[in-house]
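Enquirer: My questions are about this predicted structure, shown below with the sequence.
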Amino acid sequence: RLRVLSGIQPTADSFHLGNYLGALRQWVRLQDTHEPFYCVVDLHAITVEQDPKVLRERTRRSAAQLLALGVDPERSALFVQSHVPEHAQLSWVLECLTGFGEASRMTQFKDKASKQGTDRASVGLFTYPVLQAADILLYQAHAVPVGEDQRQHLELSRNLAQRFNNRFGRTFVVPEPHIVKDTAKIFDLQDPASKMSKSASTVNGLVELLEDPKRSAKKVRSAVTDTGRDIIFDPEHKAGVSNLLTIYSALTGRSVDDLVTAYDGKGYGDLKKDVAEVLVEFVTPFQSRVQSYLDDPAELDKVLARGAEQARAVASKTLAAAYDKVGFLPPL
Ligand code: AQP
């Protein structure tokens, strides 16, 4: 089976609908066809300041949410990035192959650094995409399920794999992004021109999977739509309505065309009410599953320890091969 790798940052109390529809749903699906390695990327999280106690708590919460969404530890290695030291070790080697100009062109760094002020942004935030390349290349992953916002970082991972292979001989699989077009970018409910994001969205634009479902429903019912009345899928001119149709379709499995036909002659209010309802039906049982995982932290930690062991078995081999290729003297 081909390998798949992806990660998510434990930087919020809850994942949001964009994380789920853009990436995590694909994590769950790919378990049927691939050998998956999925991690909670706490090393990535500290590229911006974190409260240590909160970070630890959110790392467990992230793992609980992944399990509750359907990541199955019998089929996937589910682990915490800092439990596998090879990530940081390979990252250093790849940093030495990355051009300063190349790293400077990463738009996510530019956006985040400009918000913080470039002088205050950490060097870790700058090298973040190189660590991400190490995450992926360590597992010889063929596919990386992510949202559209990660495409540029994935391109860097591909370039680094090819560069290393050309310079030192074939060592890494060159990974492909696995981006599902229909849900690659879920938009902010209040600002449908921008992606839903935990750091940039306003409270009402962001649907958190662990918030009170009534609150989510209210956010959907007050989502920004345009001044027209027809329910049609036209992301360019009707971004708000199209975003709601995307969410509705993804949560129910009904095609967007089918929904457009079903809502012919109905109003935006009807659509919003129904999207709110399917969302509540999805998050309510999800939340109780998360709670049951959180109620047993010892078991959760055991799952993560097992995942780290499986991950290390693969990562240590790849790291040893890479160290050998670059000419490091092996320890006795
Ligand atoms: N709006 C989105 N639509 C589709 N996919 C999305 N992802 C994030 N937002 C959307 C995908 O979620 C995965 C987890 O990414 P992460 O932990 O690195 O978080 P992120 O991309 O940094 O998510 P945010 O909310 O945008 O956080 P901030 O605001 O801190 O940057 C990734 O696969 C991502 O593509």
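Expert: Yep, that arrived. Residues are numbered from 1 along each chain as shown.
Enquirer: which is the next helix or strand following the helix-or-strand element of the chain with minimal mean pLDDT?
Expert: Every helix and strand of the chain was ranked by mean pLDDT, DSSP states H and E. The lowest is helix 107-116, at a mean of 91. Next along the chain after helix 107-116, taking DSSP states H and E as the criterion, comes helix 123-138.
Enquirer: Any residues of the stretch 51-200 of the chain in contact with the ligand? List them.
Expert: 146-147, 149-150, 185-186, 195-200 (C-beta under 6 Å from any ligand atom). Glycine gets a C-beta too; all of them are placed from N, C-alpha and C.
Enquirer: For the spatially closest residue to residue 207 that is not a sequence neighbour, which residues are in contact?
Expert: Leaving aside its sequence neighbours, residue 207 sits nearest to residue 17 (C-beta to C-beta, 6 or more residues apart in numbering; 4.1 Å). Residue 17 makes contact with 186, 196, 207, 209, 247, 279 under the criterion C-beta atoms under 8 Å, 6 or more residues apart in numbering.
Enquirer: switch to 10 Å and redo it
Expert: 183, 186, 189, 196, 206-209, 216, 219-220, 247, 250-251, 279, 282-283 (C-beta atoms under 10 Å, 6 or more residues apart in numbering).
Enquirer: Give me the helices and strands touching the helix or strand harbouring residue 324, please.
Expert: If you go by DSSP H and E, residue 324 is part of helix 297-326. In terms of contacts (3 or more C-beta pairs under 10 Å, 6 or more residues apart in numbering; DSSP states H and E), helix 297-326 is packed against strand 3-8, strand 35-40, helix 52-69, strand 77-80, helix 86-95, helix 123-138, helix 151-168, helix 268-294.
Enquirer: what is the mean pLDDT for that helix?
Expert: On average, the pLDDT along helix 297-326 is 98.
Enquirer: Report pLDDT for residue 228.
Expert: pLDDT, read off for residue 228, is 87.
Enquirer: can you check the one 5 residues further on too?
Expert: Residue 233 is assigned a pLDDT of 96 by the prediction.
Enquirer: thought it was touching residue 260?
Expert: Yes - Residue 233 sits in contact with residue 260 when judged by C-beta atoms under 10 Å, with a separation of 5.9 Å.
Enquirer: Name the residues contacting each of these two.
Expert: 241, 245, 249.
Enquirer: Quick one: those residues as CSV, columns for distance to residue 46 and pLDDT too.
Expert: Shown next, in CSV, are the shared contacts of residue 233 and residue 260 (distance: C-beta to C-beta, whole Å; pLDDT from 0 to 100):
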residue, distance to residue 46, pLDDT
241, 39, 97
245, 38, 98
249, 37, 98
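Enquirer: sorry, back to before: just the buried ones among the residues of the stretch 51-200 of the chain next to the ligand, please.
Expert: 146-147, 149-150, 185-186, 195-198 (16 or more other C-beta atoms under 10 Å).
Enquirer: which one of those residues is nearest the ligand?
Expert: The ligand lies nearest to residue 147 out of those, by C-beta to the nearest ligand atom, at 2.4 Å.
Enquirer: Report whether the expected contact of the closest one with residue 186 is present.
Expert: Yes - using C-beta under 10 Å, residue 147 is in contact with residue 186, at 7.8 Å.
Enquirer: shared neighbours of the two, anything?
Expert: In contact with both residue 147 and residue 186: 18-19, 21-22, 195-196, using C-beta under 10 Å, 6+ apart.
Enquirer: could those go into a markdown table alongside pLDDT and secondary structure?
Expert: Shown next, in a markdown table, are these (pLDDT from 0 to 100; DSSP: H, G, I helix; E, B strand; the rest coil):
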| residue | pLDDT | secondary structure |
| --- | --- | --- |
| 18 | 97 | helix |
| 19 | 97 | helix |
| 21 | 97 | helix |
| 22 | 96 | helix |
| 195 | 95 | strand |
| 196 | 97 | coil |
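Enquirer: In CSV: the residues you listed, plus distance to residue 319.
Expert: Formatted as CSV, the shared contacts of residue 147 and residue 186 follow (distance: C-beta to C-beta, whole Å):
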residue, distance to residue 319
18, 33
19, 29
21, 34
22, 30
195, 34
196, 36
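Enquirer: any idea which of the buried ones among the residues of the stretch 51-200 of the chain next to the ligand is least confident?
Expert: Scoring these by pLDDT puts residue 198 last, at 89.
Enquirer: Against residue 46, how distant is it?
Expert: Residue 198 is 16 Å from residue 46, where distance means C-beta to C-beta, to the nearest Å.
Enquirer: now swap in residue 58 and tell me
Expert: For residue 58 relative to residue 46 (C-beta to C-beta), the value is 12 Å.
Enquirer: Same drill for the two, tell me which one is more crowded.
Expert: residue 58 (22 against 17; other C-beta atoms under 10 Å).
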